[in-house]
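**Q** Need coordinates for the following:
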Amino acid sequence: MRVLKLIWRTARPYRCQVAAAVLLLTLATLLEVVAFPVMVGGTFIALDPSSVVSSGGPARGGGVEGAFIQRQLDRVPRLRSLTTRLSSDLKTKAGRGKWLFIFAFGGLLIYAIKCLCTWGYLYLNQYVSQHVMKDLRAALYGRMLQLPLSFYESRQTGELMSRMTNDVALVQNLVSVQLADAIVAAVTIGAGLSVLLLIKWQLTVLALMMVPLVSWVIGSAGQKTGRITRRIQQRVAAMNARLQERISTINIVQCFTREQYEQEKFDEINRETVAANLQAARVAAPLQPMVEFIGVLGMIFGIGFAGWYVIYSHLSIPRLVVYFTIVQKVGTQFSKIGRIYLAIQQGIAAGSRVTEVLDREPEVRDLPGASELPAVQGRLALHGVSFRYAESEHVLRDINLVVEPGEIMALVGPSGAGKTSMTKLIPRFYDPSEGWIEIDGHNIREVTLLSLRSQIGLVPQETVLFSGNIRDNIAYGKLDATQSEIEQAAKAANAHDFILSLPKGYETAVGERGMKLSGGQRQRIAIARTVLKNPRLLILDEATSSLDTESEMQVQEALDRLMAGRTTVVIAHRLSTVRNATRIVVLSDGRITEMGSHAELMQQGGLYRRLYEMQFREDERPAARGLSA
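**A** Numbering: from 1, shown residues only. The predicted model follows:
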């Protein structure tokens, strides 16, 4: 039901088109199921005048049904007059020829109108389904943009992509095909059975005896299909996730010569996907033949009894023709019910995976009444901050720290000390488990995320650029930036010269994740992007540790320009950053154990000195050479 509610909620803006489409579809179905068979029966009346219901009473073979139909006709003066005229005209060959032409032309006209209705419905159906899927994809993407890092850290990118593509495609099929087929089947069966009961209720009741058996078969298969479809979509998501992950790291796969290993792993997932699909096929394959067989069984009995009624003058030939024309159309829809129901179950199962994302509320969001954070100077304060991921142990414990405007604070500590976790709390990628954080005296939980993050710049250690050109990547820091502003930002980041040396300059494509550029070039473009944003508070997961000496010097010079006058929190990996820091904070087991300048901490002879001797001493020589140069 959640999936159907989601579809209806998404389709509400197009309810007028939905109503028109349903009306046209219903009209087209009624014309095909009721009106057209009546015209076909009329041609046989013209060929067999003895079967006409006269104005004086039921015709030969009319029986109880004929008398009932005649009474209904007699209630409408125009219809009573028409039947009287028909009865009179059919006594002559000319009259029979005229009515034969009328019925034939009427059948053609009815089918032409039916085709026009179908054309209108098909267009409106596509209009609604395409717009619904557009809105659904937009809502899903919008929700993904709002969800916190914790959501993505527990899921693979390929799995989320599968929800955006494969699952949404099944929901689209549900909207555009299966629900429409369900309406056609419902109208056909409902209208058809109503007419069949009027023509010969005994035969119709006999046919309906098969319905409980058909319903049981379809319901049993549908429940299994829903469960299997979820497994299929999970297998497909796993396959997409592995593809995305391995393709994006193909250099590692090839360097370690793991092509055969990856092929075997992929084949294993591929086989599991095929096995799940075959399991669904084993459920679905016998369903349609079984339903068709049950339907044919009912039809055979119906034909036998109908023949008996005709032989013993209880049913006229024209009414028999109308009856079996409608039976054929109703039977066709009955045979489709199994396929339609299974497809609907598949769409609902896939839709439930979409609603899992749409219904998830982000843990980090604006509080009711959150205010805009005004332009800040950059004073950062952490008051009794503790933090842990989900149900894990605390990674930060009782952190109390103040960073003054313009100060450069370096975070140092062993792996797992909590350095990265602390920097994730400042832009509210996560909220502290205990305590609070202030910027210029404003509790960051009480201001809007947009106003908070718009004043924070982030340069990660692993720089990622978006596919596109260099200009667009720099302009990501300020979407309405002019070319002059972009070039000024590039100059500040030591990127302008190398950009101009490229064949297309600022229009040069960077490739996926910027792979067409070197590491140092990517870093400088990322710095230019942050320069253009012009934040008051910077978070740097220092990005020079993996660069060669020349690139490091250029990037470090750009970083020095970027940090000037801005409050900066740096996760330090290089000696040069530590020396440039106003203050160094040493973390161990989630606690602040030491704090001070480089010289002060070296004199204390504690953890910082040991880390320095282990990690930074080897870096001192290239840093010194860079400074002397």
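
**Q** So residue 478 is in contact with residue 485, correct?
**A** Yes. If you go by CB atoms under 8 Å, residue 478 and residue 485 touch, sitting 6.9 Å apart. In short, each C-beta sits where N, CA and C put it, glycine included.

**Q** shared neighbours of these two, which are they?
**A** Between them, residue 478 and residue 485 share the neighbouring residues residue 532, with contact defined by CB atoms under 8 Å, 6 or more residues apart in numbering.

**Q** what bits of the stretch 451-600 of the chain have low per-residue confidence?
**A** Within the stretch 451-600 of the chain, the segments meeting pLDDT under 70 span 542-550, 573-577.

**Q** following the host helix or strand of residue 351, which helix or strand comes up?
**A** Following DSSP states H and E, one finds residue 351 within helix 317-358. Read in the C-terminal direction, the helix or strand following helix 317-358 is strand 380-388, with elements assigned using DSSP H and E.

**Q** Need the residues that contact that next one.
**A** Contacts to strand 380-388, defined as CB under 8 Å, 6+ apart, come from residues 394-403, 418, 421-422, 425-426, 430, 432-439, 441, 537, 567, 569, 590.

**Q** in the helix or strand just after that strand, what counts as buried?
**A** Going down the chain from strand 380-388, the next helix or strand is strand 394-403, by DSSP H and E. Across strand 394-403, burial judged by 16 or more other CB atoms under 10 Å covers 394, 395, 396, 397, 399, 401, 403.

**Q** closest to residue 357 among these?
**A** Here the nearest of the buried residues of strand 394-403 to residue 357, counting by CB to CB, is residue 395; it sits at 26.8 Å.

**Q** mind checking pLDDT for that closest one?
**A** Among the per-residue scores, residue 395 holds a pLDDT of 90.

**Q** Mind putting the buried residues of strand 394-403 into TSV with distance to residue 126?
**A** Putting those into TSV (distance: CB to CB, whole Å) gives the following:
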residue	distance to residue 126
394	54
395	52
396	54
397	58
399	57
401	59
403	57
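
**Q** Excluding chain neighbours, give the residue nearest to residue 179 in space.
**A** With CB to CB, 6 or more residues apart in numbering as the measure, residue 344 is the residue that lies nearest to residue 179, at 7.5 Å, once sequence neighbours are left out.

**Q** Can you name the residues that contact the one you found?
**A** 174, 178, 179, 182, 222.

**Q** from what I can see the second one touches residue 340, true?
**A** Yes. Between residue 178 and residue 340 there is a contact under CB under 8 Å: 5.7 Å.

**Q** in the protein, which spans are strands?
**A** Taking DSSP state E as the test, the strands found in the chain are 380-388, 394-403, 408-412, 434-439, 442-443, 456-459, 537-541, 567-571, 583-588, 591-596.

**Q** Please find the angle between the direction vectors of the third one and strand 591-596.
**A** Between the axes of strand 408-412 and strand 591-596, defined by axes from the mean of the first three to the mean of the last three CA atoms, to 10 degrees, the angle is 130 degrees.

**Q** Nearest the middle, which residue of the chain would you pick?
**A** Compute the mean C-alpha point of the chain, and by CA atoms, centre = their mean the closest residue is residue 164, 3.4 Å away.

**Q** what about that one, distance to residue 4?
**A** With distances defined as CB to CB, to the nearest Å, the gap from residue 164 to residue 4 amounts to 20 Å.

**Q** Repeat that for residue 535.
**A** Remark: distance between residue 535 and residue 4 (CB to CB) = 45 Å.

**Q** And these two? Which one has more around it.
**A** With neighbours defined as other CB atoms under 10 Å, residue 535 and residue 4 compare such that residue 535 has more, 20 against 14.
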